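[1] Build the 3D model from these lines:
(one chain, ligands or ions: 1)
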Amino acid sequence: MTTSTLEESSDEDFARVRSTLERYRQHVQELITQKQSKPDMVAYKELGPQLTPSPDRHGHLPGIRVGDSFNSRGEMAILGLHRQILRGIFMPPKTLTVGAYAIVLSGVYTDDEDQGDCFWYTGEGGLGNNGQQVKDQEFTNGNLALRRSFEQKTPVRVFRGSKVKGALKYTYEGLYKVMEVKREVSKQGWLLESLKGRPGLLIQDISRGVEPRVPVPVFNEVNALVMDPDFEYISDYVWADGLDQDPLLIKVIAEEDHRMRSHTMYFLHEGCGIAFNAWMRQADQRWYQRAQECAHEYEWAASVTAQSPMNLMTPLESYNEEGLLLLTESCGIHECGGVNCTSSTCMRNMQVTQGIKMPLEIFMTKQKGWGVRCAEAVPSGTFVCSYVGELMTEAAASGLEQGADHYLFSLDFFMYLFKELHLRGFDGLEREVPAHRVPPHPALPFPVALMEASYRDSTSHVGGMGPTASTSHVGGMGPTASTSHVGGMGPTASTSHVGGMGPTASTSHVGGMGPTASTSHVGGMGPTASTSHVGGMGPTASTSHVGVLNDFRPLLTVNAEKRGNIARFINHSCNGNLAIQGVFARQARSVVLYYIGLFAVRDIPAMTELTYDYGYQIQGGKGERGMLCNCGEPACRGSLL
Ligand SMILES: C[S@@+](CC[C@H](N)C(=O)[O-])C[C@H]1O[C@@H](n2cnc3c(N)ncnc32)[C@H](O)[C@@H]1O
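    The predicted structure is shown next:
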């Protein structure tokens, strides 16, 4: 099945349409002069085989714009837009395995209902010679084709007939998505088949099948803008040119990856998030016992032991039975992914791993460019999508052209967290970061390596790493990942995401948690805690690296400008309905390479714009003005910065 999009029209296409129409109209005139009956149909019959494009296809046809007007059904037929002149529904001739190509709204059925942004269209059949309904309609022919359009989510071209100065004209209304089909008793008492269509469908699936579970349609009912033809939809991270060959990066990622995995291997379930959580729970218990021992000596320990030990228990699962996120975890969620992870519990713990499952749509907003919505209601806690794109170093990202920075997302959250731990200590973070959720910490030389990797130009290799390092596993990105390139980006990135997974996110509750669950986990890590799962993060160690950490830069940034997924179309709101959640999943399971998951933080009605708080911070000087925010929230901060 082939479909086309508006962007595919060239000057030649428009010229071809013009000349076809000229030839057709001329022939109709000749036939009228010859007093030929039904000149429209005869002209189509005679010229159709030469002029009508084939094969029939779904989608826009090259050279035809939304809003184009046609003088007759014959004109629409000769252009291949709607070839069945006497019927409302244009469907495949023999087999009805694929959906209808086009329909004409002609107002024949009294049950047709135009609701402005969408319409109910009554199918075909059951009309008597007098135009009245005389029997039930059936799910055959055109009606069956429309049901296929609904099932297969294929777009339908819609034409509306209207009288202009006494003459019937047909206007191309664009592509519609069939939202619903129903069979119900008509006003005249007969059973009718109806479908509900929604306008503005530009592209049926911008992912072109790359999203395995759902198509990603694009709608524009607002203006004439089409999707940037240079944008390439990807569903997972890809590396910027050559970065996956960088020995220093390979080494850093491999070490961090191994560090995280070493915990999960404790249970011989490599990559099992549930096993990881069980390990963390044990660490909590050990730590809680230690706090009890020190309670008389340290304030932090006293505050911890004053709480119920139950509050310190890490739940083994991050998602409930419906797969909804229970609450955001400031220190990341560990999804399952090991060979043994086949139980229903483990499968449920793979929301990001399994990818987008909601019927998301890209649509044109009135004031913010493209945005994202969902055709169905989104329950609180639902995984919506993760933010993927090209992985590049922070140094390379800071050299991008202005504009490209709008699509950057730094993988800096855990570095930010560790920096805060170094600078403020565990006590300073105790109210913000649940101690038992701190992911296994990088060794001390790590931030130095990050610094080096981050400051240098991404194209110049720092060398010094042996061949062993270059063969190590770099987060498991597949072969396609290594073929990408950065392409034509220049400087300036005055803003950056700070991740949004800080204090606020750590306490927000998602997905119907009851009062008990909403009690926040307050850690209060003391000096001894550093001996368990937080590595060598003692006060002494931290002081020797303060200089380095002040200059801290994250290692990797996701650039979704030219290559990305639906997440790069999600707009900012000062009161977003999505929250960001760091997720360790698939092969990205370290504090330098992880997934940025976006989850619903409240129940979101169908067709509501999906947004999150970008959490931008000004990196330039005082007085720098941010971009005007059009989120429309009562508590809008006024600017994206
Ligand atoms: C990640 S992109 C989101 C998709 C974007 N609307 C598009 O058309 O590609 C971020 C850009 O969208 C626009 N944007 C996002 N949220 C906005 C808001 N609340 N108010 C105004 N513009 C916004 C800004 O141009 C911003 O730089």
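
[2] ok and the residue in this protein nearest the ligand?
    Going by C-beta to the nearest ligand atom, the ligand is nearest to Gly369 of the chain, at 2.6 Å. Heads up, the C-betas are built off the backbone N, CA and C, glycines and all.

[3] Could you find the closest non-adjacent residue to that residue?
    Asn571 (7.7 Å; C-beta to C-beta, 6 or more residues apart in numbering).

[4] Please state the backbone phi and psi of that neighbour?
    phi -90, psi 170 (degrees, to the nearest 10).

[5] Now do the buried residues in stretch 161-168.
    Gly161 (16 or more other C-beta atoms under 10 Å).

[6] now do the same end-to-end measure for stretch 195-209.
    Terminal residues of stretch 195-209 lie 25 Å apart, using C-alpha to C-alpha, to the nearest Å.

[7] returning to what we had before: what about the residue nearest to Gly369, how many neighbours?
    Counted with other C-beta atoms under 10 Å, residues neighbouring Asn571 total 21.

[8] For beta bridges, what are the partners of it?
    Thr611 (DSSP bridges).

[9] just use 387 as the starting number from now, easier for me
    Got it, first residue is 387 now, which makes that one Asn957.

[10] who touches it in this structure?
    Neighbouring residues of Asn957 by C-beta atoms under 8 Å, 6 or more residues apart in numbering: Thr751, Lys754, Gly755, Gly757, Val758, Glu995, Thr997, Cys1017.

[11] Can you add secondary structure and give the residues you listed back as a markdown table?
    Shown next, in a markdown table, are these (DSSP: H, G, I helix; E, B strand; the rest coil):
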| residue | secondary structure |
| --- | --- |
| Thr751 | coil |
| Lys754 | coil |
| Gly755 | coil |
| Gly757 | strand |
| Val758 | strand |
| Glu995 | strand |
| Thr997 | strand |
| Cys1017 | coil |
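
[12] Of the residues you listed, just the buried ones, PyMOL syntax please.
    To isolate the buried members of the contacts of Asn957 in PyMOL, using 16+ other C-beta under 10 Å:
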select buried, resi 751+754+757+758+995+997+1017
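
[13] wait, doesn't Lys555 sit right on Ser548?
    Yes - between Lys555 and Ser548 there is a contact at 6.3 Å, judged by C-beta atoms under 8 Å.

[14] pretty sure Ser580 is in a strand, no?
    Yes - under three-state DSSP, Ser580 sits within a strand.

[15] Those residues of the stretch 837-986 of the chain touching the ligand, which are they?
    Arg954, Phe955, Asn957, His958, Ser959 (C-beta under 6 Å from any ligand atom).

[16] neighbours around the last one, how many?
    Here the count is done by other C-beta under 10 Å, and Ser959 has 22 residues near it.

[17] thinking again about what came up before, list phi and psi for the residue of the chain closest to the ligand.
    Main-chain dihedrals, Gly755, degrees, to the nearest 10: phi 70, psi -150.

[18] Could you do Gly583 as well?
    Backbone torsions for Gly583, taken as degrees, to the nearest 10, come to phi -120, psi 150.

[19] cool, Ile464 as well?
    With angles defined as degrees, to the nearest 10, Ile464 sits at phi -60, psi -30.

[20] how does this protein divide into domains?
    389-398+439-590, 624-1004 (automatic domain parsing).

[21] least reliable of those domains going by mean pLDDT?
    In terms of average pLDDT, domain 624-1004 trails the rest of the domains of the chain, at a mean of 68.

[22] can you count the residues close to the closest residue in space to Gly474 that isn't next to it in sequence?
    Nearest residue to Gly474, sequence neighbours excluded (C-beta to C-beta, 6+ apart): Val490, at 5.2 Å. Val490 is flanked by 23 other residues according to other C-beta under 10 Å.

[23] Next up, phi/psi of Val490, please.
    Torsion angles, degrees, to the nearest 10, at Val490: phi -120, psi 130.

[24] hang on, it packs against Ala463?
    No - counting by C-beta under 8 Å, Val490 does not reach Ala463; the two are 11.0 Å apart.

[25] And the strands in the stretch 487-636 of the chain, which stretches?
    For the stretch 487-636 of the chain, the strands defined by DSSP state E, counting those that start in this stretch cover 488-491, 499-500, 505-508, 542-550, 553-571, 577-589, 604-605, 618-619, 624-625.

[26] Report all helices and strands that the fifth one contacts.
    So the one you mean is strand 553-571. Counting contacts by 3 or more C-beta pairs under 8 Å, 6 or more residues apart in numbering; DSSP states H and E, strand 553-571 is packed against strand 455-456, helix 459-464, helix 527-538, strand 542-550, strand 577-589.

[27] what angle sits between the last one and helix 527-538?
    With axes from the mean of the first three to the mean of the last three C-alpha atoms, to 10 degrees as the basis, strand 577-589 and helix 527-538 are set at 50 degrees to each other.

[28] same question, the fourth one
    Relative orientation of strand 542-550 and helix 527-538, computed by the same axes, to 10 degrees: 130 degrees.

[29] and the angle for strand 542-550 with strand 553-571?
    Using the same axes, to 10 degrees: strand 542-550 against strand 553-571 is 130 degrees.

[30] Pull out the CA atoms of strand 542-550 and give them to me as PDB.
    Extracted C-alpha coordinates of strand 542-550, given in PDB (Å, rounded to 0.1, in the frame of the first residue of the first chain):
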ATOM      1  CA  VAL A 542      -9.300   9.100   3.700                       C
ATOM      2  CA  ARG A 543      -9.400  12.100   1.200                       C
ATOM      3  CA  VAL A 544     -12.500  14.100   1.900                       C
ATOM      4  CA  PHE A 545     -14.300  16.300  -0.700                       C
ATOM      5  CA  ARG A 546     -17.200  18.600   0.200                       C
ATOM      6  CA  GLY A 547     -19.800  19.500  -2.400                       C
ATOM      7  CA  SER A 548     -21.400  22.900  -2.200                       C
ATOM      8  CA  LYS A 549     -23.300  25.200  -4.500                       C
ATOM      9  CA  VAL A 550     -21.300  28.200  -5.600                       C
END
